[in-house]
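Participant: Sharing a model that was predicted from the sequence below.
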Amino acid sequence: MTVTGQEITDYVDRVRAALADLPPSVRDELTEDLPEHLAEVAAEGDGALVDRLGPPEAYAAELRTVAGAEPGRR
């Protein structure tokens, strides 16, 4: 299965939604390179992004942890 542009867009949208409690500038910083990263992951092999990276919400939680941005913290 080839990853489509729409699948990348949907994944990014779900990651951003999971980070909706963060200030927009923080959310934007955490996700600014995400579409390009997902396109690279897609080019590396077959399979849906969810199968390869896990659910977008889990990916968002990892981004949040790395950035030290706890849920609900502004």
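Facilitator: Received it, and whenever you're ready, just let me know what you need.
Participant: and residue 34, what does it touch?
Facilitator: For residue 34, the contact set (CB atoms under 8 Å, 6 or more residues apart in numbering) comprises 12, 15. (Glycine included, C-beta is placed from N, CA and C.)
Participant: one more time with 10 Å
Facilitator: Taking CB atoms under 10 Å, 6 or more residues apart in numbering as the criterion, residue 34 is in contact with 8, 11-12, 15-16, 56, 59-60, 63.
Participant: Could you count how many residues lie near residue 51?
Facilitator: 9 (other CB atoms under 10 Å).
Participant: can you put the contacts of residue 34 in CSV and add distance to residue 30, neighbour count and secondary structure?
Facilitator: Shown next, in CSV, are those (distance: CB to CB, whole Å; neighbours: other CB atoms under 10 Å; DSSP: H, G, I helix; E, B strand; the rest coil):
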residue, distance to residue 30, neighbour count, secondary structure
8, 16, 19, helix
11, 14, 23, helix
12, 11, 18, helix
15, 8, 24, helix
16, 9, 18, helix
56, 13, 22, helix
59, 10, 21, helix
60, 8, 22, helix
63, 5, 19, helix
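Participant: Pick the one among those closest to residue 45.
Facilitator: residue 8 (14.8 Å; CB to CB).
Participant: I'd guessed that closest one sits against residue 43; true?
Facilitator: No. If you go by CB atoms under 10 Å, residue 8 and residue 43 don't touch, sitting 11.0 Å apart.
Participant: low-scoring pLDDT stretches of this structure, where are they?
Facilitator: Along the chain, the model assigns pLDDT under 70 to residues 1, 71-74.
Participant: Please enumerate the strands of it.
Facilitator: For the chain, strands defined by DSSP state E do not occur.
Participant: contacting residues around residue 27?
Facilitator: 15-21, 60, 63-64, 69.
Participant: do the same with residue 29
Facilitator: Counted by CB under 10 Å, 6+ apart, residue 29 has contacts 22-23, 63, 67, 69.
Participant: if we can go back for a sec, next, format the contacts of residue 34 as a markdown table and append distance to residue 28.
Facilitator: Formatted as a markdown table, the contacts of residue 34 follow (distance: CB to CB, whole Å):
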| residue | distance to residue 28 |
| --- | --- |
| 8 | 17 |
| 11 | 16 |
| 12 | 12 |
| 15 | 12 |
| 16 | 9 |
| 56 | 16 |
| 59 | 16 |
| 60 | 13 |
| 63 | 12 |
